[in-house]
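Enquirer: coords please:
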Amino acid sequence: FFDADGNLGFQGNIEISLQGATSPASPQKGLHVFGGMWSSGKPTIDYPLFKNSASKANELTQFSRFILRAWGSARDWPVFFADAYHQTLMADSDQDIQAYQPVVVFINGEYWGLHEMREANKNPEYYRAHYYDGSDMEFDLLDWGGRDVDDGDIDHWEALRDFIYSNDISEDKNYEYVKTKMDIENYIIYMIHSIYTGKSDWPGQNEYLWRPKTEDGKWRWAQYDMDQGLSKMSGAEVDMLGTVLAWDYYLLNPLLKNDDFKNLFLNHYADLMNTYFLTEVEVEHFLDIASELEPYLPEFQDRWQLNYGWEEDKAFALDLITRRWDIRRQQVITNFNLEGSAIVELNTDPTMGHVAVNSIFIDHGVPGIQDPSSWEGMYFKGIPITIKAVPLPGFQFVRWETNSSIDPNSQVLEFVLEDDTTFTAVFEPVN
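Expert: Predicted coordinates for the structure are as follows:
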């Protein structure tokens, strides 16, 4: 393995096998790469494979395995890197994604083309490394929405599903019990990530969940295989939210009977549309990935005789990305029978303090936020949102200035949005 400057990263007796369900049927096959437990006696690859990633993988320096992902069944689709694109939209979030680094592969000296070096996240080592500092924790790992056991067993999951479908989750005591068994916010963000990006060969398929085998271990969901969202089969108009809501047996639907869960789901949906899924954020992310690959495309195209219409395909993808924000907004309004959406404008002096709305702390470094002193976001009418003023050290909150009927002296506001509303947080120095 050589880095981008040509420096040797690592070498040795490394084991490989074919990877993926459809990739083995394609000329360019994906490979699973393992530390040489049998050939070299060293079970790990000691190198920071994803040191340039925005994800939490950039902190890891030891891997038991990784994937050299080929584009398999997506090899003649408009965007062959759609899975990497969609996963890494959420790279700096708390989601369990597969970190990405494009590479050129040679096998026995022969050019084998562009591949994606990706984290392998369907194994215990991934979760030990990210959550338990490599310690020997045991897990329940389930694929296919809980129907296939990769590690551990299915007992805890089946008990939770039985409880959810046998009890009225609209009752707070039942919802509180469910919250002790699954990471609600992780699940909501996972669902929105999949729905918004048009993961149409899901749910159930390509759905992975895991928990540590401890008394208080909660279920979390991990992403993989997000190719579909930029394909011609899953255009911006495809309503994945409506599809999921129509499946009564799917976990989301009984949970939505609880008002707290429903409001949290809709507010997270708006929060993500105001940050990670903003059109300008998506376009910039797409062009960053494309521009890194484009110098290597001619040789790759000739090697595998594909993707010669890249400029047209790129235009197709950018058009889809540009159109889908407003389409998704309307799909939420329609499927939840809401009255519409409105704009919240939040102003402050960021040298004295900040403002937070729901899960968004408005500051530099958050996707889509250019100017923390004046920010606008879209939220759904009729859904209560929370706004908080956060003074910096040495300053204190004074009041809100707003066109809304709220208590101007309350540092934390919870209100139901009905129309476009402006809030200005006023701070002053202590003493």
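
Enquirer: Pull the number of nearby residues for the closest residue to Lys181 other than its chain neighbours.
Expert: Leaving aside its chain neighbours, Lys181 sits nearest to Leu160 (4.8 Å; criterion: CB to CB, 6 or more residues apart in numbering). The C-beta positions use only the backbone N, C-alpha and C, and glycine is treated the same way. Applying other CB atoms under 10 Å, we find 20 residues neighbouring Leu160.

Enquirer: what sits against Leu160?
Expert: Contact partners of Leu160, counting by CB atoms under 8 Å, 6 or more residues apart in numbering, are 178, 181-182, 219.

Enquirer: In CSV, list those along with secondary structure and distance to Phe80.
Expert: Shown next, in CSV, are the contacts of Leu160 (DSSP: H, G, I helix; E, B strand; the rest coil; distance: CB to CB, whole Å):
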residue, secondary structure, distance to Phe80
Val178, helix, 39
Lys181, coil, 39
Met182, strand, 34
Trp219, strand, 32
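
Enquirer: ok, of the residues you listed, which one's closest to Thr88?
Expert: Distance to Thr88 across those (CB to CB) is lowest for Trp219, with 23.7 Å.

Enquirer: and the residue lying closest to the closest one once chain neighbours are set aside, how far is that from Asn263?
Expert: Take Trp219 and drop its neighbours on the chain: the residue closest to it by CB to CB, 6+ apart is Met182, 4.2 Å away. Distance from Met182 to Asn263, counting by CB to CB, to the nearest Å: 18 Å.

Enquirer: who does the lowest-mean-pLDDT helix or strand in the chain touch, helix- and strand-wise?
Expert: Lowest by mean pLDDT, DSSP states H and E among the helices and strands of the chain is strand 15-19, with a mean of 90. With contacts defined as 3 or more CB pairs under 8 Å, 6 or more residues apart in numbering; DSSP states H and E, strand 15-19 has these neighbours: strand 30-34, strand 65-69.

Enquirer: if we can go back for a sec, neighbour-wise, which of Met182 and Asn263 wins?
Expert: More neighbours surround Met182 than the other of Met182 and Asn263, with 20 against 16 (other CB under 10 Å).

Enquirer: mind checking pLDDT for that one?
Expert: At Met182, the model reports a pLDDT of 98.

Enquirer: okay but it is in contact with Gly217, surely?
Expert: No. Using CB atoms under 8 Å, Met182 and Gly217 do not qualify as a contacting pair, with a distance of 10.1 Å.

Enquirer: for the record, mean pLDDT for stretch 31-43?
Expert: 79.

Enquirer: likewise stretch 360-374?
Expert: Mean pLDDT, computed over stretch 360-374, is 97.

Enquirer: Contacts only, for the most centrally placed residue in the chain.
Expert: Centroid-nearest residue in the chain, with CA atoms, centre = their mean: Met90, separated by 4.0 Å. Residues near Met90 by CB under 8 Å, 6+ apart: 97, 189, 193, 223, 276.

Enquirer: Can you turn the buried subset of these into a selection I can paste into ChimeraX?
Expert: To isolate the buried ones among the contacts of Met90 in ChimeraX, judged by 16 or more other CB atoms under 10 Å, type:
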select :97,189,193,223,276
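
Enquirer: ok, the contacts of Met90 vs Gly36, which is closest?
Expert: Relative to Gly36, the closest of the contacts of Met90 is Ile97; by CB to CB it sits at 26.6 Å.

Enquirer: Flag every buried residue along the least confident helix or strand of the chain.
Expert: Quick answer for strand 15-19 (16+ other CB under 10 Å): Gln19.

Enquirer: What separation do you get for Glu119 and Ala222?
Expert: Glu119 is 10 Å from Ala222, by CB to CB.

Enquirer: Please apply the same query to His156.
Expert: With CB to CB as the criterion, His156 and Ala222 are 17 Å apart.

Enquirer: So those two - more neighbours on which side?
Expert: Between His156 and Ala222, counted using other CB under 10 Å, Ala222 has the larger neighbour count: 20 against 17.

Enquirer: Residues in a beta bridge with the spatially closest residue to Leu338 that is not a sequence neighbour, which ones?
Expert: Leaving out its chain neighbours, the residue that sits closest to Leu338 by CB to CB, 6+ apart is Phe380, at 5.2 Å. When bridges are called by DSSP bridges, Phe380 pairs up with Ser341.

Enquirer: and Phe380, how many residues sit next to it?
Expert: Using other CB under 10 Å, Phe380 has 21 neighbouring residues.

Enquirer: Buried residues, stretch 17-37. List them.
Expert: 19-20, 23, 26, 28-35.

Enquirer: what does it rub up against?
Expert: With contacts defined as CB under 8 Å, 6+ apart, stretch 17-37 is touched by 12-16, 42-45, 63-73, 75, 105, 112-113, 115, 120, 304.
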